[in-house]
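Undergrad: sequence and predicted structure are below.
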Amino acid sequence: MSILIDQSKRVLVQGITGREGMARTKLMREYGTNVVAGVTPGKGGGDVEGVPVYDTIQEAWEKVGTIDIAVLFIPAPIVKPAALEAIAAGIKLLVIVPDRVPIWDVLAISKAAKAANAHFVGPNTLGVLSPDKGVLGMMGGRAASAKAWFYPGPVGVTSRSGGMTSSTAYYLAKAGIGATTMVHVGGDAVVGLPHPEVIKLFQQDSDTKAIVMFGEIGGSQEERVADLVESGEVTKPIIAYIGGKAAKSGTRFSHAGAIIEGGRGTYEGKVDRLRSVGATVVDAFGDLPAATTEVLAKLGL
C-alpha cells in the first residue's frame with residue numbers, strides 16, 4: 001500500500017499551461033501518475049503532454065469523470081479561489097505547491113476543506129511520491145531521476161523540508177531501505193497535513209513498518225507527534241532528525257514555519273519530548289540510515 005497517491009488515483013493539474021505546470025505534468029505522467037485533465041481558465045480546448053485542458057474543474061469533471069486529486073501550480077495570490085473551486089467540485093485531496101500563499105487564504109482553504117471532508121498538502125510543498133506508484137507535484141525533479149533514486153520499502157518518510165525529503169529517501173535507499181511514501185508537508189507556518197496527520201496515515205498503512213521524520217525548529221508539529229505516541233494512537237517506531245540545532249530565539253531557519261519565538265519550538269524541547277516517548281532521535285542527519293537499519297532489524301526486517 002501507500003498513502004495519498006497510487007496508480008488508481010485520478011489527478012487534475014490546475015495551472016497546467018504555465019511553465020511549472022507543463023514541466024511537472026511531464027514529470028508526473030512519465031513517472032506513471034494517472035493525470036487525466038488540466039485546467040487553465042481561457043485555455044480550454046488544447047492539451048499538455050497529451051492531457052486535455054479545460055476552462056473549469058466542473059467542465060473537466062463532466063468530460064473525464066471523477067477526479068480524486070488536484071495539484072496546484074497557481075500564482076500564490078490566486079491559490080485561494082483555485083483551491084476553493086477544487087473543493088467545491090468534490091475533489092478530496094489538494095497538493096498546493098506555491099509558496100507565499102497569504103496565511104488568511106490558507107485558513108479559508110482549511111475551513112472549506114474541513115467542511116467538505118477534504119485534505120490538502122502544503123502550501124509550499126514539493127509534493128508526495130510513492131515509489132513505483134505515482135508522484136504529485138515536483139518530487140524528484142525528473143521522472144528518470146525519481147525512478148533511479150527511490151524504490152519501494154517499509155519506511156514512510158515525512159519532512160518539513162522539500163530538499164531533505166528527497167535527500168532522506170535517497171540516503172535511506174543507498175543503505176538498502178526503500179520507502180512506502182515520501183511526503184513534504186510544506187514549509188509554511190500553517191499547512192494542511194502537518195507531521196502528526198501524515199504519521200497517522202502511516203500508522204494506518206499496513207506496508208509502512210517504521211516512520212522517518214525530518215523535523216525542524218519552530219511550531220509544535222514534532223511535539224504533537226510525541227503526544228500521539230504517548231497516547232498510543234501511533235505505535236510504529238519513529239526515527240527522527242531535528243534541523244536547526246544552532247538557531248537562537250528570533251531566528252528563522254530555512255522556512256517561514258521554522259522560527260523560534262519566546263522559547264517555543266526549540267531544538268532541545270523537540271528532541272527531549274520525542275525521546276521521552278521512545279522515539280529514536282539522531283544528532284546528525286547522516287546517522288538516519290544506520291539508526292533506521294537498527295530499528296528495522298529489531299522488527300525482524
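TA: Right, received. Where do you want to start? Numbers count the residues shown, from 1 in each chain.

Undergrad: alpha carbons only for contacts and neighbour counts from here, please
TA: Noted.

Undergrad: surely residue 116 is in contact with residue 87?
TA: Yes - in this structure residue 116 lies within contact range of residue 87 using C-alpha atoms under 8 Å: 7.0 Å.

Undergrad: okay, these two: which has more neighbours?
TA: Higher neighbour count among residue 116 and residue 87: residue 87, with 26 against 14, using other C-alpha atoms under 10 Å.

Undergrad: gap between the residue lying farthest from the centre of the chain and residue 149?
TA: Among the C-alpha atoms of the chain, the one most distant from their mean position (C-alpha atoms, centre = their mean) is that of residue 45, at 31.1 Å. With distances taken as C-alpha to C-alpha, to the nearest Å, residue 45 is found 36 Å from residue 149.

Undergrad: next one: residue 223
TA: Per C-alpha to C-alpha, residue 223 is found 31 Å from residue 149.

Undergrad: now do the strands in the stretch 151-300 of the chain.
TA: Using DSSP state E, counting those that start in this stretch, the strands of the stretch 151-300 of the chain run over 152-159, 179-184, 210-216, 238-243, 280-282.

Undergrad: I would like the residues contacting the third one, please.
TA: Residues outside strand 210-216 that contact it (C-alpha atoms under 8 Å, 6 or more residues apart in numbering) are 154-161, 164-165, 168, 195, 199, 202, 222, 236-244, 253, 258, 267, 292, 295-296.

Undergrad: please repeat the previous calculation with a cut-off of 7 Å.
TA: Outside strand 210-216, the residues that touch it by C-alpha atoms under 7 Å, 6 or more residues apart in numbering are 154-160, 222, 236-244, 258.

Undergrad: so what's the residue count around residue 144?
TA: By the criterion of other C-alpha under 10 Å, residue 144 has 12 neighbours.

Undergrad: actually residue 233, sorry about that
TA: 12.

Undergrad: would you map out the domains in the chain?
TA: For the chain, the structural domains run 1-125, 150-301, going by automatic domain parsing.

Undergrad: tell me where the stretch 1-150 of the chain has strands.
TA: Using DSSP E, counting those that start in this stretch, strands in the stretch 1-150 of the chain cover 11-14, 35-39, 47-48, 51-54, 69-72, 93-96, 119-121, 127-130, 134-137.

Undergrad: direction included, what does the first one pair against?
TA: Next to strand 11-14 in the sheet, as set by DSSP bridges, lie strand 35-39 (parallel), strand 69-72 (parallel).

Undergrad: how about the CA coordinates for it, as PDB?
TA: Only the C-alpha atoms of strand 11-14 are listed here, as PDB (Å, rounded to 0.1, in the frame of the first residue of the first chain):
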ATOM      1  CA  VAL A  11      -5.200  13.600 -10.900                       C
ATOM      2  CA  LEU A  12      -6.000  17.100 -12.300                       C
ATOM      3  CA  VAL A  13      -3.400  19.800 -12.700                       C
ATOM      4  CA  GLN A  14      -4.500  23.400 -12.100                       C
END
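
Undergrad: re earlier: right, and the residue farthest from the centre of the chain touches residue 51 too?
TA: No - distance between residue 45 and residue 51: 10.5 Å, which falls outside the contact criterion (C-alpha atoms under 7 Å).

Undergrad: OK, contacts around residue 285?
TA: residue 241.

Undergrad: low pLDDT regions in the stretch 151-300 of the chain?
TA: The stretch 151-300 of the chain contains residues with pLDDT under 70 at 246-264.

Undergrad: what's the pLDDT at the residue farthest from the centre of the chain?
TA: Listed pLDDT for residue 45 reads 96.

Undergrad: and it, how far is that from residue 60?
TA: According to C-alpha to C-alpha, residue 45 and residue 60 sit 11 Å apart.
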